[in-house]
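> sequence? don't have it. structure:
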Ligand code: A2P
């Protein structure tokens, strides 16, 4: 028999994504019975509001998951590697926002607008992975085009907000901006260089192939979600001094010719996508407009004149919402509706 209410745990409840998860659980009215808020000893004992009640943050430990139906994890890869299997063996289905399990063949990697059917695979390990923020917004926009015209190659450059790094990075951009404008020295604690008034072509660690781990996440996760290993993807990921929302310049080459108008029509009917594409009146997607919204915004749609079958576009979404918390909660909604 179906439960009326579900017990949910948010792991990393005091973080940038965890906070957003708690807000979205309330906004979308998930049938939450008990909400467990978990973090480290640093913030255990503090309170977070949920439906006008203050809920105490508890220390994450081996016993945190007894009786919990769904665990929304966003406390970093090391925490997930250790605690996701512990939660799963206690019968808690884990929706993991870190990269710890994304490329595990026994773990589905899900964007509800793109491959909701993959959720069924959660039974293998009790874990569902939430993709990388930049990958989510890109595949939401590209899936309808891939279905119609067959995408052969993707060239993407990202302009990623600091909130993707977490709360400390939001503070660092704020502090550095203030210090520079008041002629003080800046302190760099989170990033290797000053992020205020700068762009860093460096997200996550550098790998042996000279790409960053973030760039390779976009390559590998895109293929897994679109269930097509033949798609060639190359990425350059850049951190920019923006607080919320990632922007992406995306160039695709397709099997079949598709015009810019056809792409505009397709995307205007696509789930989770809003087309903002009226250059004559200076209307295109912008980070400041996407922040706080659920949709992925697409504009600057135009044919790539350097090749026969190519499209350029500009894709923007709130990295904490569609890029992380919202996508995880959409997965939880499907679990509740169809599986548990
Ligand atoms: P805490 O507030 O106790 O440090 P962000 O990505 O914004 O930096 O947030 C990271 C989140 O993950 C925070 O909620 C943080 O809790 C939590 N976290 C980090 N390390 C651990 C850990 N070892 N155990 C439990 N929670 C952790």
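That came through fine. Here the structure is a predicted model, which is why all the values come from computation and not from measurement. Numbering: from 1, shown residues only.
> and the residue of the chain most remote from its centre, helix, strand or coil?
Largest separation from the mean C-alpha position in the chain: residue 183, at 35.6 Å (CA atoms, centre = their mean). Remark: residue 183 carries the secondary structure label coil [criterion: DSSP: H, G, I helix; E, B strand; the rest coil].
> nearest residue to residue 69 other than its sequence neighbours?
Closest residue to residue 69 apart from its sequence neighbours, by CB to CB, 6 or more residues apart in numbering: residue 6 at 4.3 Å. C-betas here are computed from N, CA, C, even on glycine.
> Spell out which residues of the chain are next to the ligand.
Taking CB under 6 Å from any ligand atom as the contact definition, the chain meets the ligand at 12-16, 18, 39-40, 42-43, 60, 75-76, 79, 166-168.
> Next step: the residues you listed restricted to helices.
The members of the residues of the chain next to the ligand that map onto helices under DSSP state H are 16, 18, 79, 167, 168.
> Burial check on the closest residue to the last one other than its chain neighbours, number of neighbours?
Leaving aside its sequence neighbours, residue 168 sits nearest to residue 190 (CB to CB, 6+ apart; 5.2 Å). By the criterion of other CB atoms under 10 Å, residue 190 has 18 neighbours.
> Next up, the contacts around residue 190.
165, 168, 169, 172 (CB atoms under 8 Å, 6 or more residues apart in numbering).
> what's the neighbour count on the residue nearest to residue 69?
Neighbours of residue 6 using other CB under 10 Å come to 19.
> Repeat that for the one 5 residues further on.
Counted with other CB under 10 Å, residues neighbouring residue 11 total 29.
> what bridges to it?
Taking DSSP bridges as the rule, residue 11 bridges to residue 38, residue 73.
> how close does the closest residue to residue 129 other than its chain neighbours get to residue 109?
Nearest non-adjacent residue to residue 129, counting by CB to CB, 6+ apart: residue 102, 4.3 Å away. According to CB to CB, to the nearest Å, residue 102 and residue 109 sit 5 Å apart.
> what touches both of those two?
Counting by CB under 8 Å, 6+ apart, the residues touching both residue 102 and residue 109 are 129, 131, 221, 224.
> The second one against residue 225, yeah?
By that I understand residue 131. Yes - counting by CB atoms under 8 Å, residue 131 touches residue 225, with 6.2 Å between them.
> between those two, what contacts are shared?
With CB under 8 Å, 6+ apart as the test, residue 131 and residue 225 both reach 109, 110, 111, 139.
> list the contacts for the closest residue to the ligand within the stretch 1-150 of the chain?
Residue of the stretch 1-150 of the chain nearest the ligand, by CB to the nearest ligand atom: residue 15 (2.1 Å). The contact partners of residue 15, taken as CB under 8 Å, 6+ apart, are 39, 74, 75, 166, 167.
> now do residue 116
Per CB under 8 Å, 6+ apart, neighbours of residue 116: 110, 334.
> same question, the one 4 residues further on
Contact analysis of residue 120 by CB under 8 Å, 6+ apart lists 108, 339.
> One more pass at 10 Å, please.
Neighbour list for residue 120: 108, 334, 338, 339 [criterion: CB atoms under 10 Å, 6 or more residues apart in numbering].
> If you count neighbours, what's buried in the lengthiest helix in the chain?
Identified as the longest helix of the chain according to DSSP H is helix 133-149. Applying a neighbour-count criterion of 16 or more other CB atoms under 10 Å, the buried positions in helix 133-149 are 133-146, 149.
> I figured residue 122 was touching residue 92, is that so?
No - contact criterion CB atoms under 10 Å: residue 122 and residue 92 do not qualify, at 11.5 Å.
> quick one: the helices in the stretch 151-300 of the chain?
167-181, 213-226, 260-268, 287-290 (DSSP state H, counting those that start in this stretch).
> Does anything pack onto the shortest one? Which helices or strands?
Counting contacts by 3 or more CB pairs under 10 Å, 6 or more residues apart in numbering; DSSP states H and E, helix 287-290 is packed against strand 246-254, strand 296-303, strand 310-317.
> which neighbours does the last one have in its sheet, and in what orientation?
Using DSSP bridges, strand 310-317 pairs in its sheet with strand 246-254 (antiparallel), strand 296-303 (antiparallel).
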